[in-house]
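Chemist: Compute the structure for the input listed below.
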Amino acid sequence: MNLNCVEAPTLEYGQIALLLCDSRTGHVLQKNGIDLFLQGQEEPFFIEDSIEKAKSNIIRLFQINPNLEILMYDHNGALIEILRQGMV
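Modeler: Residues are numbered from 1 along each chain as shown. Predicted coordinates:
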């Protein structure tokens, strides 16, 4: 995954950030889960208030694109989990 052009968002305690990538190429995708993210576009992260809300959103995203790889980050910017279709 090439994350050089992506800045991690600032989160409050307990929030979760989701970053969408194409599992075949590792490219960061826009929030629609399909189009390639390019520097200067809207921030590609989904911000959720809890892991439960994040996982609900993840199920919906995999329905849009089963080739997603979703990186889940905590409020400290630490990677919690990398999810692929069938793991949720």
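
Chemist: Quick one: the helices in the chain, in order.
Modeler: For the chain, helices defined by DSSP state H occupy the ranges 51-64.

Chemist: which residue lies farthest from the center of it?
Modeler: Centroid-distance maximum for the chain: residue 13 at 17.9 Å, with CA atoms, centre = their mean.

Chemist: Now for it: which residues touch it?
Modeler: residue 75 (CB atoms under 8 Å, 6 or more residues apart in numbering). The way it works is simple: take the backbone N, C-alpha and C, and place the C-beta from them, glycine included.

Chemist: For it, give its distance to residue 40.
Modeler: Counting by CB to CB, to the nearest Å, the gap from residue 13 to residue 40 is 30 Å.

Chemist: what pairs with the residue nearest the centre of the chain across the strands?
Modeler: Against the mean C-alpha coordinate of the chain, by CA atoms, centre = their mean, the closest residue is residue 19 at 1.8 Å. Residues in a beta bridge with residue 19, per DSSP bridges, are residue 45, residue 71.

Chemist: And it, how far from residue 69?
Modeler: Shown here: residue 19 relative to residue 69, a distance of 9 Å by CB to CB.

Chemist: do residue 10 as well
Modeler: From residue 10 to residue 69 the distance is 23 Å (CB to CB).

Chemist: what's the answer for residue 47, then?
Modeler: Between residue 47 and residue 69 the distance, using CB to CB, works out to 19 Å.

Chemist: Low-confidence ranges, this structure, go.
Modeler: Low-confidence segments of the chain, defined by pLDDT under 70, span residues 1-5, 87-88.
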